[in-house]
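> sequence and predicted structure below; questions after.
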Amino acid sequence: MHAYRSHTCGQLRKDHVGQTVRLSGWVFRRRDHGRFLFIDLRDHYGVTQLVFHPERDFFEAATHLKYESVITITGHVIAREGNTINPAMPTGEVEIVVDELVIQSFAAPLPFLVDDKDGGPEELRLKYRFLDLRREKLHKNVVLRARIIASLRRRMTDAGFMEFQTPILTSSSPEGARDFLVPSRLHPGRFYALPQAPQQFKQLLMVAGFDRYFQVAPCFRDEDARADRSPGEFYQLDIEMSYVTQDDVFEAVENVVYGTFAEFSDWRIDDGKGPAPFVRIPYRESMLKYGSDKPDLRIPIEIRDVSEVFRDSGFAAFAGAVKGGAVVRAIPVKDIAAQPRSFYDKLGDFAQSVGAKGLAYLVYNAEGVKGPIAKFLSPEQMEALRAQCGAEPGDAVFFVCDKESAAAKIAGQIRVKLGRDLDRVEKDVFRFCWIVDFPMFEYDEEAKKVEFSHNPFSMPQGGMEALLNKDPLD
RNA sequence: GGAGUGGUAGCUCAAUUGGUUAGAGUACUAGCCUGUCACGCUAGGGGUUGCGGGUUCAAGUCCCGUCCAUUCCGCCA
């Protein structure tokens, strides 16, 4: 028999009963009943219950085994009867009566329990990363990641793409974020930059004639973290294709995204019928309706532009701003009028925390329209707002006023906040979309025209010659 | 870089308007228990309440500073 195991801890079933087996793993749980002892043994594959009896000379040692000690046992498989069967465990119909025990590694007391749901403070979890990764949730996440990457590689290869590795120690290529820098030994005082994305290298591969490239690409960006953005480094599926149109790229990406999500998730995808073209939304429309270029389409709230209604209104703050070039964005919400005053106040606080100067609103109920700004608006203006926002009794409409880009962004964040707080986000479904017709240029703070941050096509100043003459260590 | 929130036992948390010796669960140690599966029961050890200063008869609690964490803004394909 193999020195460490004949089976894994997730493997044994009723038809193994009577066999002598050897298992290795970590002491996951321990239940000491005095005259006998249960230990749940865990490895990568699962958990199996071991039974120790006191007539064995290693019984005393077994009762002192700490959580996460590594042991190898030899024993015989027996069936569990009646209510000793554990239907929650895949191996719950059998257990191992231990005949031999080898303690491979005796664990010290743990800083946190592997059986814990969340494992405690991040600092501790990172210090004892090997323990953290033993926790079921993280272990599953890492396995899922490996399976997804394998699936992506298979799908891309099947679609005729070839995988390349592009350089990590490179010269800086402006992508917008700060570069990570690595000091150069051969050129003291000068630095390599880590790539923020393989953009220029993959384009080089197309120029060089390789036609279809992909890479599970490491990207490095020296920026601060966000809730949905880990700092420093991450991996992305990176693609480049030659002699194609926008639609060809969309089709290639839709196939791999649809297939991968369908393979690994039970959630519906769009209509749930199979690969279909993803919804396409022009940039301007997305910024207006959702206040974002990555809209969450599961939230049934659409922003409207009502600037013209306020232009000649008696609400001086908005009217003046609109005449000065600002816009007013309305966020209509269904069935919300019954919310207490505090709800509106808290939302106002939130609006200010994301940069709004204030948050105006109107509430529609059976008696009519109420709200702090109602008295500043004429009956005709009120009717125009009601019609443009599709407001009915029970609804409310929120208004933000600012320069166009700021108003869009603020309204977009309020839309998402409302969707989540009111539990209006559609459940168990992915709603993919393409944002198309991105602008090539935008205005910066001094109202000068500059390249839009995501514009991938403008040639750098000086053209191709400048690129070729560029010092790689600059 | 700016703002908000938080920091009490190894871990998760409690401690009334400022008021006795800062508690509980878990982990750890010792003991009991023949069918548990987060086993149960008894007892024990474990604390500079992040750190420094201040107010007060009295500070975990209030004030100031500082460090750390976290969320948002700035930044970010």
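Happy to help now that I have it.

> distance of A:Ala107 from RNA strand B?
Per CB to the nearest atom of the strand, to the nearest Å, A:Ala107 is found 9 Å from RNA strand B. For glycine as for every other residue, the C-beta is placed from the backbone atoms N, C-alpha and C.

> can you read off the pLDDT for that residue?
A:Ala107 carries a pLDDT value of 91.

> count residues in the vicinity of it, would you?
15 (other CB atoms under 10 Å).

> look up how far A:Glu60 lies from it.
Going from A:Ala107 to A:Glu60 by CB to CB, to the nearest Å gives 18 Å.

> what residues does the stretch 51-200 of chain A put near RNA strand B?
Applying CB under 7 Å from any atom of the strand, one finds that the stretch 51-200 of chain A approaches RNA strand B through A:51, A:64, A:66-67, A:80, A:83-86, A:88-89, A:92, A:95, A:109-113, A:115-116, A:120-124, A:175-178, A:196-197.

> just the ones of those residues in strands?
A:51, A:95 (DSSP state E).

> which among the residues of the stretch 51-200 of chain A next to RNA strand B count as buried?
A:51, A:67, A:80, A:92, A:95, A:112, A:115, A:196-197 (16 or more other CB atoms under 10 Å).

> TSV for those residues, including pLDDT?
Below are those laid out as TSV (pLDDT from 0 to 100):
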residue	pLDDT
A:Val51	96
A:Tyr67	93
A:Arg80	94
A:Gly92	94
A:Glu95	96
A:Phe112	86
A:Asp115	83
A:Gln196	85
A:Ala197	86
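
> my read: A:Val249 touches A:Tyr243, true?
No: counting by CB atoms under 8 Å, A:Val249 sits too far from A:Tyr243 to count as a contact (11.4 Å).

> tell me which of these two has more neighbours.
Using other CB under 10 Å as the criterion, A:Val249 and A:Tyr243 rank with A:Val249 on top: 14 against 8.

> am I right that that one sits in a helix?
Yes: with DSSP: H, G, I helix; E, B strand; the rest coil as the criterion, A:Val249 is part of a helix.

> any stretches of the stretch 101-250 of chain A with poor pLDDT?
A:173-176, A:227-228 (pLDDT under 70).

> ok, the residue in chain A positioned nearest to RNA strand B - contacts?
Minimum separation of chain A from RNA strand B (CB to the nearest atom of the strand) falls at A:Gly34, amounting to 2.3 Å. Shown in contact with A:Gly34 (CB atoms under 8 Å, 6 or more residues apart in numbering): no residues.

> and it, helix, strand or coil?
Note that with three-state DSSP, the state of A:Gly34 is coil.

> separation between it and A:Arg80?
In terms of CB to CB, A:Gly34 sits 20 Å off from A:Arg80.

> A:Leu41 too?
15 Å.

> ok, is the strand or helix carrying A:Gly412 in contact with RNA strand B or not?
Here A:Gly412, judged by DSSP states H and E, is contained in helix A:404-421. Yes: using CB under 7 Å from any atom of the strand, helix A:404-421 reaches RNA strand B at A:409, A:413.

> distance of A:Met440 relative to A:Leu359?
Taking CB to CB, one finds A:Met440 at 33 Å from A:Leu359.

> for A:Arg284, what are phi and psi?
phi -60, psi -40 (degrees, to the nearest 10).

> for it, which non-adjacent residue is spatially closest?
What sits nearest to A:Arg284 in space, not counting adjacent residues and going by CB to CB, 6 or more residues apart in numbering, is A:Asp437, at 7.3 Å.

> then A:Arg42?
A:Phe28 (3.8 Å).

> buried residues in the helix or strand hosting the one you found?
For A:Phe28, the host element (DSSP H and E) is strand A:20-32. If you call a residue buried by 16+ other CB under 10 Å, then strand A:20-32 has these buried ones: A:21-28, A:30.

> and for stretch A:428-444?
A:430, A:432-435, A:438.

> ditto for stretch A:7-16
Quick answer for stretch A:7-16 (16+ other CB under 10 Å): A:7-12, A:16.

> backbone phi and psi for A:Ala387, please?
phi -70, psi -40.

> now A:Pro439
phi -70, psi 150.

> many thanks, have a good one.
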